[in-house]
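Undergrad: My questions concern the predicted model and sequence given below.
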Amino acid sequence: MALRVLYIEDEPDMLELVRLIVSRRGIEYHAATGGVKGIDMINSVRPDLILLDLMMPDLDGWEVYDYVKATPEVSRTPIIIVTARAQSDERLQAVRAAANPDDYIIKPFGPSQLLEMIDKVMTRANESG
């Protein structure tokens, strides 16, 4: 069964770039343009992994993250936070300490960097049950 990945992002170019990267690996890819659509897709697709942009106009990534972690049916879904903002590092470290997101990646990233991150996070998730 193919790994199901949902990328929640408001930039169409990034959604397409990630689609190209993960589809070559045989990963089942789903995309949502923004946090509101992202929450709808989390509930309908039930992804194995969520890639989550932080800066979105309708519902930001932190709100989506909080929703996932507070919803029992999806709370164990690994999340990789995707950000272009260096200043969010401090916030990421605080959230990492308090809520323990699975990992994060900073834009721009290369195909191999993204695939390695997905492999690392999914290996950890499978090992922890």
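TA: Everything's here; your move. Numbering: from 1, shown residues only.
Undergrad: lowest average confidence, helix or strand, in the chain?
TA: The weakest-scoring helix or strand in the chain, judged by mean pLDDT, DSSP states H and E, is helix 88-98 (a mean of 61).
Undergrad: after that one, next one along is what?
TA: Tracing the chain C-terminally past helix 88-98 and defining elements by DSSP states H and E, one meets strand 103-106 next.
Undergrad: Flag every buried residue along that following strand.
TA: Within strand 103-106, the residues that qualify as buried by neighbour count (16 or more other Cβ atoms under 10 Å) are 104-105. C-beta: built from backbone N, CA, C; applies to glycine.
Undergrad: what packs against the strand or helix carrying residue 125?
TA: Element membership for residue 125, per DSSP H and E: helix 111-127. Contact partners of helix 111-127 among helices and strands, from 3 or more Cβ pairs under 8 Å, 6 or more residues apart in numbering; DSSP states H and E: helix 12-23, strand 49-53, strand 79-83, strand 103-106.
Undergrad: orientation of the first one relative to strand 79-83 in degrees?
TA: When you say that, I think you mean helix 12-23. Angular relation of helix 12-23 and strand 79-83 on a 0 to 180 degree scale: 140 degrees, by axes from the mean of the first three to the mean of the last three Cα atoms, to 10 degrees.
Undergrad: okay, helix 12-23 in PDB with CA atoms only?
TA: This file holds the C-alpha atoms of helix 12-23, laid out as PDB (Å, rounded to 0.1, in the frame of the first residue of the first chain):
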ATOM      1  CA  PRO A  12       0.600  26.400  -6.200                       C
ATOM      2  CA  ASP A  13       4.200  26.200  -7.500                       C
ATOM      3  CA  MET A  14       5.300  24.500  -4.200                       C
ATOM      4  CA  LEU A  15       2.400  22.100  -4.400                       C
ATOM      5  CA  GLU A  16       3.400  21.100  -7.900                       C
ATOM      6  CA  LEU A  17       7.100  20.800  -7.100                       C
ATOM      7  CA  VAL A  18       6.400  18.400  -4.200                       C
ATOM      8  CA  ARG A  19       3.900  16.400  -6.300                       C
ATOM      9  CA  LEU A  20       6.700  15.900  -8.900                       C
ATOM     10  CA  ILE A  21       9.200  14.900  -6.200                       C
ATOM     11  CA  VAL A  22       7.000  12.400  -4.300                       C
ATOM     12  CA  SER A  23       5.200  10.900  -7.300                       C
END
